[in-house]
Structure formats: C-alpha cells, structure tokens
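# for reference, the sequence and a predicted model appear below.
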Amino acid sequence: MQKTVAIYPGSFDPITNGHLDIIQRGAKLFDEVIVAVLVNSEKAPLFTSEERVGMIRAILKEHGLAVRVDTFGGLLVTYAQKQKAQVIVRGIRAVSDYEYELQMALMNRRLEPRIETVFMMPSEAYSYLSSRLVREVFKLGGSVEGLVPPLVEKALRAKIKT
Ligand SMILES: Nc1ncnc2c1ncn2[C@@H]1O[C@H](COP(=O)(O)OP(=O)(O)OP(=O)(O)O)[C@@H](O)[C@H]1O
Ligand SMILES: [Mg+2]
C-alpha cells in the first residue's frame, strides 16, 4: 500500500504550541508528515529560516515525533509534488482563518487536483494563538509561557535582547 505523505507548510516564526498541536494530530493520521518552513516570504521574519528549522527539529525530538523538517520556496504544490505528498495540512483556528484558507486550498486544487488539503482544529486552548501575537506580546514584555515551547521562550529572550 502507498504511504500517505502530508506537508504542513507555514512560516513558523516562531513555532507555537498551536502548530505543535496540529503536528501531533497530523502525525497520528498520516504515515509521514513534513513540516515545511516557507523561506521566501515577503514579510521580514524575526527568526531566520535556519533558526526556525533548528528550533522545530529540537522541539519535535523532545516530543519524540519522527517528523521531517524542511524548507521550501515558490509554489507549495510544486514542492508537494517533489515530495510525492498527497496531502497538505492546514490549521484552522477561528472563522477568520476560513476565507483565506479556502481560497488557498481551492487555488492549490486547481493547480494540482491530486493533492487534497486537510484542515485540522487545534485544542481550544490554542484557537486564538498565532506567531504574530507571540512576537507582539513578547516584544511588549508580556509573558508567552504556555503558548510556545520553553525552547522558543528562550530563543525569544535571546533575540529581543540583541
Ligand atoms: N494556534 C494554531 N492552531 C491551529 N493552527 C494554527 C495555529 N497557528 C497557526 N496555525 C496554522 O498553521 C499553519 C501555518 O501558519 P503560520 O506559520 O502562518 O502561523 P501563524 O501563527 O498564522 O503565523 P503568523 O501570525 O506569522 O501568520 C496555518 O495553516 C495556520 O492556520
Ligand atoms: Mg498566519
């Protein structure tokens, strides 16, 4: 039987407990999950792609998750084809995510009809959590404890001091 390979793409700047929740759920469902860090995003990231990949790898290892971490640029479906993936995993938090995600999923389907987008819901505790919010709260001196893995908290502290 063919293995089901799923790509979980995003900027992960930085990875949050919401992302981790989705990765754990995905890992139960698919034979292989690849966390794909988008590198050529227009926004100037807080963490370099190398820093983001390093953090994600360390955290997944801590959680005993055998999930591949990679970077990609350009069209997601082209990357997914190269990885022989059948599935794109996306997380849906509130209704506000839906419209954009629907648009992306339908465009990706038009570009590559053989790849299905699967939406997954995180635990309610993370349904209002985003990397942007973590970056903002942290920059303003607020606590992000419980929202990101301890390793990310440490990396944020180091980053914002410099
Ligand atoms: N707390 C969360 N719960 C469930 N899914 C999430 C959560 N945060 C992000 N995701 C999903 O993970 C994928 C990658 O998202 P992305 O890297 O843009 O994270 P983000 O938190 O939305 O970051 P940013 O705030 O910088 O846009 C998207 O499908 C996004 O909807
Ligand atoms: Mg986002």
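That came through fine. In this text, all values refer to a predicted model and were calculated from it rather than measured experimentally. Residues are numbered from 1 along each chain as shown. Ligands and ions are numbered 1, 2, ... in the order given.

# okay, now residue 146: neighbour count?
When neighbours are defined as other Cβ atoms under 10 Å, residue 146 has 11 of them. C-beta: built from backbone N, CA, C; applies to glycine.

# which ones are touching it?
residue 17 (Cβ atoms under 8 Å, 6 or more residues apart in numbering).

# pLDDT score for it?
pLDDT for residue 146: 94.

# confirm that residue 119 sits in a strand.
Yes. Under DSSP: H, G, I helix; E, B strand; the rest coil, residue 119 falls within a strand.

# confidence score at residue 44?
Per-residue confidence (pLDDT) for residue 44: 87.

# separation between it and residue 159?
With distances defined as Cβ to Cβ, to the nearest Å, the gap from residue 44 to residue 159 amounts to 13 Å.

# who has more neighbours, the two?
Regarding residue 44 and residue 159, a neighbour count based on other Cβ under 10 Å identifies residue 159 as having more, with 15 against 6.

# which of the helices or strands spans the more buried one?
Residue 159 belongs to helix 150-161 when assigned by DSSP states H and E.

# that helix - what's its average pLDDT?
Across helix 150-161, the average pLDDT comes to 90.

# show me what that helix is packed against.
With contacts taken as 3 or more Cβ pairs under 8 Å, 6 or more residues apart in numbering; DSSP states H and E, helix 150-161 sits against helix 49-62, helix 131-139.

# how many residues are close by residue 116?
By other Cβ under 10 Å, neighbour count at residue 116 equals 15.

# show the contacting residues for it.
If you count contacts by Cβ under 8 Å, 6+ apart, residue 116 has them with 86-88, 109.

# distance of it from ligand 1?
Distance, residue 116 to ligand 1, by Cβ to the nearest ligand atom, to the nearest Å: 15 Å.

# beta-bridge partners for that residue, please?
Each beta-bridge partner of residue 116 is listed here, defined by DSSP bridges: residue 87.

# helix, strand, or coil at residue 9?
strand.

# my guess is it contacts residue 85, does it?
No. Under the criterion of Cβ atoms under 8 Å, residue 9 is not in contact with residue 85, lying 10.1 Å apart.

# check which helix or strand the closest residue to residue 9 other than its chain neighbours maps to.
If the residues on either side of it in the chain are set aside, residue 9 comes closest to residue 36, at 4.4 Å by Cβ to Cβ, 6 or more residues apart in numbering. Residue 36 is part of strand 32-38 when elements are defined by DSSP H and E.
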